[in-house]
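# how would this look folded up:
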Amino acid sequence: MKDRLPSLVAILLLGLLVLGTWWASDYALRSIQVDPPRRMTHERDSWSSAFVMVRTDPQGHAINRLEGSAMEHFPDTDSYDITAPRAVGHQPDSPTTIGTADMGTMDQHGERIVLNGNAHLKRLPDASHKLLDVRSDQLTIEPNRDLVYTDRPALVINGNSTMRGQGMRYDNRTRQLTVNAASDVKISGEDQAARNAGPKKAPQP
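All right, here's what the predicted structure looks like:
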């Protein structure tokens, strides 16, 4: 028994040491917040100078392109502030659109781009459509829906015709253009003749 006593004492001390270490570790974990909650403040967490973002369809064709001279991401709103944005739409079976502005914000997981300051959208002409030119101090683009709209004063030049209104909406898939509270409307003779030639059809911009 006397020969085993030192071994038993050593085992007892080792057990106490293990228990003490476990208690100290558990106490420290409960007392100190190892991974505190992330503070959601409007402070950028990433940024870039000249950049290009491209979205493709399942076949790998580029359908939307967004570029700018600078970009900042803000985690609290999950939005991107863009300097000198240029948004290009290449949706299949639709005319190409190009939107530019002084500043822009992309949010809603890329579903919306808001152009601010000298906002300008062009639908490029093709064999079936004339140039459509829209100017306002703010334009909102929904790239995936191929849609642009604003509730601000807007100047719309559709071919040779000019319209001013308080708000506008243009669907590039259906080519449907709506100008709200239109004033100072100037329809060219060519466009008027086209309307008269087909009175039963809504004019396509």
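# Could I get the contacting residues of residue 165?
Applying C-beta atoms under 8 Å, 6 or more residues apart in numbering to residue 165 gives the contacts 153-154, 156, 179-183. In this view, the C-beta of every residue, glycine as well, is placed from N, C-alpha and C.
# Most neighbours among those residues, which one?
residue 154 (26 neighbours; other C-beta atoms under 10 Å).
# isn't there a strand covering that one?
Yes. Under DSSP: H, G, I helix; E, B strand; the rest coil, residue 154 falls within a strand.
# That one and residue 169: what is the separation?
10 Å (C-beta to C-beta, to the nearest Å).
# Let me see the ranges of the strands in this protein.
46-48, 51-56, 62-68, 70-74, 79-83, 86-89, 97-100, 103-107, 112-123, 132-142, 147-158, 161-171, 176-179, 183-186 (DSSP state E).
# The fifth one pairs with which strands, parallel or anti?
Spelled out, it's strand 79-83. strand 70-74 (antiparallel), strand 103-107 (antiparallel) (DSSP bridges).
# now swap in the first one and tell me
Taking DSSP bridges as the criterion, strand 46-48 pairs within the sheet with strand 70-74 (antiparallel).
# Report the angle between the partner strand and strand 51-56.
70 degrees (axes from the mean of the first three to the mean of the last three C-alpha atoms, to 10 degrees).
# Buried ones in strand 70-74, by neighbour count?
71, 74 (16 or more other C-beta atoms under 10 Å).
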